[in-house]
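In: Predicted model follows, preceded by the sequence.
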Amino acid sequence: MSMAVVGMIAGMALGFAGYFGGFGAFLLVAALGAVGFIAGRFLEGDLEPGDFFRTRGDRRDRGR
């Protein structure tokens, strides 16, 4: 499935949530979509837990 189709589906889901459930439902769907996206990236192997928990010194030293 192309990223354009995924984006369209996500936009439609957010639109329906906002229209039928209000702003609170819109935020809930957006937050759960972000969590699902990150979980999917972990399962595909594109992200590792250490990517989120590095210290500032680790990021600065990577460019050297």
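Out: Yes, it's here. Residues are numbered from 1 along each chain as shown.

In: So which bits of the lengthiest helix in the chain are buried?
Out: Longest helix in the chain, counting residues (DSSP state H): helix 23-44. Under the neighbour-count criterion of 16 or more other C-beta atoms under 10 Å, helix 23-44 has F26, V29 buried. C-beta coordinates here come from the backbone N, C-alpha and C atoms, glycine included.

In: Low-confidence ranges, the chain, go.
Out: Across the chain, the ranges flagged by pLDDT under 70 are 54-64.

In: ok so, going back, how far out from the middle of the chain is the longest helix of the chain?
Out: Centre-to-centre, helix 23-44 and its host chain are 5 Å apart (C-alpha atoms, centre = their mean, to the nearest Å).

In: Give me the contact list for it.
Out: Residues from elsewhere that reach helix 23-44 (C-beta atoms under 8 Å, 6 or more residues apart in numbering): A10, A13, L14, A17, G18, G21, L47, E48, P49.

In: Widest-spaced pair of the residues you listed?
Out: G21 and E48 (34.6 Å; C-beta to C-beta).

In: Please say which of the two ends up with more neighbours.
Out: G21 (13 against 10; other C-beta atoms under 10 Å).

In: List the residues that contact that one.
Out: L28.

In: what's the distance between the residue nearest to F26 when sequence neighbours are not counted and I9?
Out: In space, and not counting its chain neighbours, F26 is closest to G18: 3.9 Å by C-beta to C-beta, 6 or more residues apart in numbering. G18 is 15 Å from I9, where distance means C-beta to C-beta, to the nearest Å.

In: okay, which residue is most central for the protein?
Out: Of all residues in the chain, the one closest to the mean position by C-alpha atoms, centre = their mean is A34, 2.9 Å from it.

In: related to what we said a few turns ago, neighbour-wise, which of G18 and I9 wins?
Out: Between G18 and I9, counted using other C-beta under 10 Å, the more crowded position is G18 (16 against 12).
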